[in-house]
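Peer 1: Got a sequence here, can you build the structure:
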Amino acid sequence: MATDTKTCRDGSCGCNPMPDVQASKDHRHVAIDRVGVKDVVYPMKLATRDGGEQNTVASINMYVALPQEQKGTHMSRFLEVLNEHACQPFRPEDIPAITRKIKERLHAEEAHFEASFTYFIEKPAPVTAQKGLMNYEVTFACTANSHEDFVMSVAAPATSLCPCSKEISEYGAHNQRCRIEASVRMDGVLWIEDLVELLEGAASHPVYAVLKRPDEKFVTEKAFENPKFVEDIVRDLAVALDDEDRIVQYSISSENYESIHSHNAYAELERDKREG
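Peer 2: Below is the predicted model:
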């Protein structure tokens, strides 16, 4: 006759508990800033600015700070928290609660949660109004210690045209694609779409998913009329973010993928508006 040999984790059923190696003492006295699980694939549901919803798939990282006396963290508990919160697509407003729960479940002083995903915005061409879906890189990050700190990061492709090339060339000017990114802390509701518009407004001109010939003519001519160095892009973006009351702190950058050089041009800056 078979005997039930199930073993619980903590010995509460009267059996011999399994050893908890992670909770054992470590004698090297080295604390770890972040330890956990990385690249967890999970569904996510987002509200859109127009009142609709968008489903996407996020790549999730979850970490805790590990004290110097503890040998390891309990990796499975990160997934337990995520699945217990909702075995269904989670929403951005759920992230602070999930992060706080990770901190509590793993008895940590600090916990981190990051969700990176692709966000799509329907964008009509500037002349023909042909519709296409533009994709943007978005990350929601939250840290929980004595309070929760939430940061939204958005990266948008755009086009820039070199002012120097325009000035010295007899025919046209060289232009390039650029990647503009902003990580912001907010006071109030700021939609992904709002931040995308601020990013694209700092470039020589936005890019589009679908362009017919009249649209191409319009875009290239508008970019030619609005030349910008990489320095101009981050400065113009900084001015726009300074004027946006919902944004209290930002870190921004632009990388221009040069079309006539073997290197890229890059600029970044950050500012905490709460410091005056």
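Peer 1: which stretches of the stretch 151-276 of the chain have low pLDDT?
Peer 2: In the predicted model of the stretch 151-276 of the chain, residues 276 satisfy pLDDT under 70.
Peer 1: can you give me the helices for it?
Peer 2: 163-168, 192-201, 213-224, 230-242 (DSSP state H, counting those that start in this stretch).
Peer 1: So what touches the third one?
Peer 2: Taking contacts as C-beta atoms under 8 Å, 6 or more residues apart in numbering, the residues outside helix 213-224 that touch it are 125-128, 130, 159-161, 166, 172-173, 175, 204-205, 207-208, 211. Every C-beta, even on glycine, is put in place using the N, C-alpha and C of the backbone.
Peer 1: Please repeat the previous calculation with a cut-off of 7 Å.
Peer 2: The contact list for helix 213-224 (C-beta atoms under 7 Å, 6 or more residues apart in numbering) reads 125-128, 159, 161, 173, 175, 204-205, 208, 211.
Peer 1: What is the most widely separated pair among the residues you listed?
Peer 2: Farthest pair in those (C-beta to C-beta) is T128 and A173. Separation: 25.1 Å.
Peer 1: got TSV for the contacts of helix 213-224, with distance to E110 and neighbour count too?
Peer 2: What follows is the contacts of helix 213-224, written out as TSV (distance: C-beta to C-beta, whole Å; neighbours: other C-beta atoms under 10 Å):
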residue	distance to E110	neighbour count
A125	46	19
P126	46	18
V127	51	15
T128	51	14
T159	41	22
L161	44	23
A173	49	16
N175	44	22
S204	41	23
H205	42	23
Y208	42	18
L211	47	19
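Peer 1: hang on, V230 packs against S254?
Peer 2: Yes. With contact defined as C-beta atoms under 7 Å, V230 counts as touching S254 (5.1 Å).
Peer 1: Just the C-alpha atoms of stretch 264-276, please, in CSV.
Peer 2: C-alpha atoms of stretch 264-276 as CSV (Å, rounded to 0.1, in the frame of the first residue of the first chain):
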residue,chain,number,x,y,z
ASN,A,264,26.3,58.3,-33.9
ALA,A,265,25.6,61.7,-32.2
TYR,A,266,24.2,61.6,-28.6
ALA,A,267,23.1,64.0,-26.0
GLU,A,268,21.3,63.6,-22.6
LEU,A,269,20.3,65.7,-19.6
GLU,A,270,18.1,65.4,-16.5
ARG,A,271,16.4,67.8,-14.2
ASP,A,272,14.3,67.6,-11.1
LYS,A,273,11.8,70.5,-11.3
ARG,A,274,11.0,70.1,-7.6
GLU,A,275,14.4,71.5,-6.8
GLY,A,276,13.7,74.7,-8.6
